[in-house]
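Undergrad: make a model of this:
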Amino acid sequence: MVTLIRVDARLHTPMYFFLSILSVLDLSYATTTVPQMLVHLINNRKTISYIGCVVQMYIFLTLGITETWIFAAMAYDRYFAICYPLHYGVKMSQTLCVVLEVSSALCSLTCTLVFAINLPYCGPNEINHFFCEIPAVLKLACADTSLNDQVDFILGFLLLLIPLSLILTSYVCIFMAILKIHSTQEGIKAFSTCASHITVVTMFCIPCMVMYMRPSSEASPEDDKKLALFYNVISAFLNPIIYSLWNKDVKRAFLKLIGMSEDGQ
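TA: Numbers count the residues shown, from 1 in each chain. Down below sits the predicted model:
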């Protein structure tokens, strides 16, 4: 996806700019956890250093928070593209796109620091998870973690609720605009540009909400591992496929890159 967007001039638009950022984020946080996970699956010695665990945890968290804000930026982009098409080029300038990207990264870095875990760990040191994630690591602390649980719940609630509220507001306006379109074909075309985004947001955010917004007393290690596997591996794997299957521009760019025309010649 990143290569196609860079080499094809027709994909040099705000929508594909954010899509390339999303692709980099998916690749990055999957790379943060999956290689070590695979090593542990084939190796009897399933260990990670304390520093390695902390670094993995915070990189993963930072990238995940950034992704939720990029989702919101993509919804904002679709809002202007569909509701104000004549002003789209002015409203979604390159400067604004960069500002939204940098703001998302700075917000995630700031929030990640608040998640800091400064707790004593005196054993056992076995994490019942595929990788180092805050809920699993907190369970190992030999101290009262109720305050940490409350802070994590509040931050998780806000970091998911605010972007999702912006996305929901954008799509309410988008659907109202689509309903006003007299041409059925044009309405379907407008909705198709949003369908892939809605799908990937749902796949990523719902498991995250279950993971970080439910009380720790109701958490199940086995359920947590399944949820983490879904939004860490499966979602990142499916995102490029979803955007490719539902996007004619991406398919056209891919066929051009491999030297084929749209009719398969």
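Undergrad: surely I167 is in contact with I70?
TA: No - counting by C-beta atoms under 8 Å, I167 does not reach I70; the two are 10.9 Å apart. C-beta: built from backbone N, CA, C; applies to glycine.
Undergrad: any stretches of the stretch 101-250 of the chain with poor pLDDT?
TA: Counting by pLDDT under 70, the ranges of the stretch 101-250 of the chain that qualify are 114-119, 123-124, 145, 148, 186-187, 190, 214-219, 245-246.
Undergrad: could you rerun that using 80?
TA: 111-125, 134-159, 180-193, 208-226, 228, 231-232, 240-241, 243-250 (pLDDT under 80).
Undergrad: all helices of it, in order?
TA: With DSSP state H, counting those that start in this stretch, the ranges of helices along the stretch 101-250 of the chain come out as 134-138, 146-179, 184-213, 221-229, 235-245, 248-257.
Undergrad: same list, the ones you listed, but as TSV with distance to L4 and mean neighbour count please.
TA: Below are the helices of the stretch 101-250 of the chain laid out as TSV (distance: least, C-beta to C-beta, whole Å; neighbours: other C-beta atoms under 10 Å):
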stretch	distance to L4	mean neighbour count
helix 134-138	35	19
helix 146-179	25	16
helix 184-213	15	17
helix 221-229	27	16
helix 235-245	9	17
helix 248-257	5	16
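Undergrad: quick one, which of those is nearest to T95?
TA: Of all the helices of the stretch 101-250 of the chain, it is helix 146-179 that lies closest to T95, at 19.9 Å by C-beta to C-beta.
Undergrad: closest one to T110 among the helices of the stretch 101-250 of the chain?
TA: Comparing those under C-beta to C-beta, the one sitting nearest is helix 146-179, at 10.7 Å.
Undergrad: just give the closest residue to F131, not the sequence neighbours.
TA: Spatially, and ignoring its direct neighbours in sequence, F131 is nearest to T33 (4.1 Å; C-beta to C-beta, 6 or more residues apart in numbering).
Undergrad: let me know the pLDDT of the one you found.
TA: In this model, T33 is scored at 84, pLDDT.
Undergrad: cool, M260 as well?
TA: At M260, pLDDT is 59.
Undergrad: circling back to that earlier point, buried set for the host helix or strand of the residue nearest to F131?
TA: Using DSSP states H and E, T33 maps to helix 14-42. Neighbour-count burial for helix 14-42, counted by 16 or more other C-beta atoms under 10 Å, picks out 14-23, 25-30, 32-34, 36-37.
Undergrad: and for stretch 3-13?
TA: L4, I5, D8, L11, T13.
Undergrad: closest one of those to L159?
TA: Proximity of these to L159 was ranked by C-beta to C-beta; the top entry is I5 with 26.9 Å.
Undergrad: and the closest one, how far from L138?
TA: Distance from I5 to L138, counting by C-beta to C-beta, to the nearest Å: 38 Å.
Undergrad: and what of I48?
TA: For I48, the distance to L138 - C-beta to C-beta - is 16 Å.
Undergrad: hmm, back to that, packing partners for the helix holding T33?
TA: helix 2-7, helix 50-83, helix 94-114, helix 235-245 (3 or more C-beta pairs under 8 Å, 6 or more residues apart in numbering; DSSP states H and E).
Undergrad: no further queries at this time; thank you.
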